[in-house]
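Peer 1: Sequence first, then the predicted structure, then my questions.
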Amino acid sequence: MPPKSNRRAGKILLTIVLSLLGLCLLLSAVSAISNIGLPQPENFDRIPSVDKARLAEALHLKAELGNAVWSGWGSTHFPVILWNHACEFLVGYPGQPPASWERVPEDQFDGEDYYRRPAADPQNFAVPVGDQWAASMTTKTETDAFMVATFREILPTPLKQVFPYRVLIQPSETQVGGVLHEDFHVFQQDSAPNRLAEAEAAHRSGDQYESAAEAFRAELKQEGVLLAQALEAGSDDEAAELVGQFLRVRDDRRKTYQLSPTLISYERWLEWEDGMAKYVEVASLRQAFESSTYQPLPAMAEDPSFKFYQTFNRRWSQELIQLRNPTGSGETRFYNLGMAESFLLDRLLPGWKGQIMAEDIFLEDLLKQAITGK
């Protein structure tokens, strides 16, 4: 017979194992229950009410605080397209849209008629509609359903029913910021159409750039680290010193690896186009978070994914992490770098937005001007 001490240890171990097994079963049950009611792919031929509320909140935020983010932008009124896998919906179009769009019967957005057409390769960007440009963005409902379906497809069968898919669901502030990001692209088109066209043309060099970038990823990462440090600097002098280091590292990298003018332009254009749009996205959410007077629309209280902008600090921390440790597509790094440069220009060269739409002016040029005076 085994000693009492061994039997006691065995009982303790068995109790621990059974407790852990019970905990796992409980968590699996809780997770499975929480997955009930997850977003499903839309087959609607109209905008769901929750997505109407999110769009209305984005436009409300722009109207109330947009000019504090970018003078003149908050006063603009551009059409918006929301889309799911089945339909595109056109909101706020002045007059009658092209014949491909039909009025959505027995439904309105903010008291006005809106329009739809079958989805045909929709995208998140600024898109032409007749003689207008519209900000095009997928609905959050569709995005959430896509994320859940994608993970369900790649997970092994035993995990499909118990995986906590709700961790994939982003707060509605992500959708609000995304609409404003795409809306700012329309503002770029309205303010500097030739520049936006050049920026779009630069994307054609993406594959060539990614091939070249294999040799200098460490230097690109260092640039992001320096910008993140500058954003966190305790004084303007410290921020300016770190910006100077960033510019020197960037200049040395381009010389060392003999980047062609085409690839240098690729970097500069993506920061101008998508970096500034991401800046507007994040800066708008910051304004809503920091404002003592801004009130979201009452309908947002019915949206369980809306956090009343109180998670902004977490979002900002994530942006700094992305700067230091870039992930995702190659183009995404320039969204982050351009956003960081824009916030630093707010600090070091407050009038920069009056120059950036002019020909041959890029964010890095204005940073150099901010720290050297020329």
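Peer 2: Arrived safely. These figures come from a predicted structure and were not determined experimentally. Numbers count the residues shown, from 1 in each chain.

Peer 1: Please identify the buried residues of stretch 334-354?
Peer 2: For stretch 334-354, the neighbour count (16 or more other CB atoms under 10 Å) marks 334-345, 348-349, 352-353 as buried. Any C-beta I mention is one placed from the backbone N, CA and C, and that applies to glycine too.

Peer 1: all helices for the stretch 151-300 of the chain, in order.
Peer 2: 157-160, 172-191, 193-202, 206-213, 217-231, 236-256, 261-270, 276-290 (DSSP state H, counting those that start in this stretch).

Peer 1: Minimum distance to Ala301: which of the ones you listed has it?
Peer 2: helix 172-191 (11.5 Å; CB to CB).

Peer 1: got the angle between the closest one and helix 276-290?
Peer 2: Orientation of helix 172-191 against helix 276-290 (axes from the mean of the first three to the mean of the last three CA atoms, to 10 degrees) gives an angle of 130 degrees.

Peer 1: Counting neighbours, which bits of helix 172-191 end up buried?
Peer 2: Buried-residue list, helix 172-191, by 16+ other CB under 10 Å: 172-189, 191.

Peer 1: now do stretch 224-234
Peer 2: Applying 16+ other CB under 10 Å to stretch 224-234 flags Gly224, Val225, Leu226, Leu227, Ala228, Gln229, Ala230, Leu231, Ala233 as buried.

Peer 1: Mind putting the helices of the stretch 151-300 of the chain into TSV with distance to Leu320 and mean pLDDT?
Peer 2: Conversion of those to TSV gives the following (distance: least, CB to CB, whole Å; pLDDT from 0 to 100):
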stretch	distance to Leu320	mean pLDDT
helix 157-160	32	72
helix 172-191	16	98
helix 193-202	25	98
helix 206-213	22	96
helix 217-231	5	97
helix 236-256	13	98
helix 261-270	20	98
helix 276-290	11	98
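
Peer 1: Next, format those helices as CSV and append distance to Glu359.
Peer 2: Output for the helices of the stretch 151-300 of the chain, formatted as CSV (distance: least, CB to CB, whole Å):
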stretch, distance to Glu359
helix 157-160, 54
helix 172-191, 12
helix 193-202, 7
helix 206-213, 23
helix 217-231, 25
helix 236-256, 21
helix 261-270, 13
helix 276-290, 16
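
Peer 1: To Leu55, which of those lies closest?
Peer 2: helix 172-191 (6.4 Å).

Peer 1: list the helices and strands that closest one packs on?
Peer 2: helix 49-69, strand 125-129, strand 132-138, helix 140-154, helix 193-202, helix 276-290 (3 or more CB pairs under 8 Å, 6 or more residues apart in numbering; DSSP states H and E).

Peer 1: Kindly export it (C-alpha atoms) in PDB.
Peer 2: Listed next in PDB are the C-alpha coordinates belonging to helix 172-191 (Å, rounded to 0.1, in the frame of the first residue of the first chain):
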ATOM      1  CA  SER A 172     -18.000  50.800 -32.900                       C
ATOM      2  CA  GLU A 173     -15.500  53.700 -32.600                       C
ATOM      3  CA  THR A 174     -13.300  51.800 -35.100                       C
ATOM      4  CA  GLN A 175     -16.200  52.000 -37.600                       C
ATOM      5  CA  VAL A 176     -16.700  55.700 -36.900                       C
ATOM      6  CA  GLY A 177     -13.000  56.400 -37.400                       C
ATOM      7  CA  GLY A 178     -13.000  54.400 -40.600                       C
ATOM      8  CA  VAL A 179     -15.800  56.400 -42.100                       C
ATOM      9  CA  LEU A 180     -13.900  59.600 -41.300                       C
ATOM     10  CA  HIS A 181     -10.700  58.100 -42.800                       C
ATOM     11  CA  GLU A 182     -12.400  57.500 -46.100                       C
ATOM     12  CA  ASP A 183     -14.200  60.900 -45.900                       C
ATOM     13  CA  PHE A 184     -10.900  62.600 -45.600                       C
ATOM     14  CA  HIS A 185      -9.800  60.900 -48.900                       C
ATOM     15  CA  VAL A 186     -12.700  62.700 -50.500                       C
ATOM     16  CA  PHE A 187     -11.400  65.900 -49.000                       C
ATOM     17  CA  GLN A 188      -8.000  65.200 -50.500                       C
ATOM     18  CA  GLN A 189      -9.700  64.700 -53.900                       C
ATOM     19  CA  ASP A 190     -11.600  67.900 -53.400                       C
ATOM     20  CA  SER A 191      -8.600  70.000 -52.300                       C
END
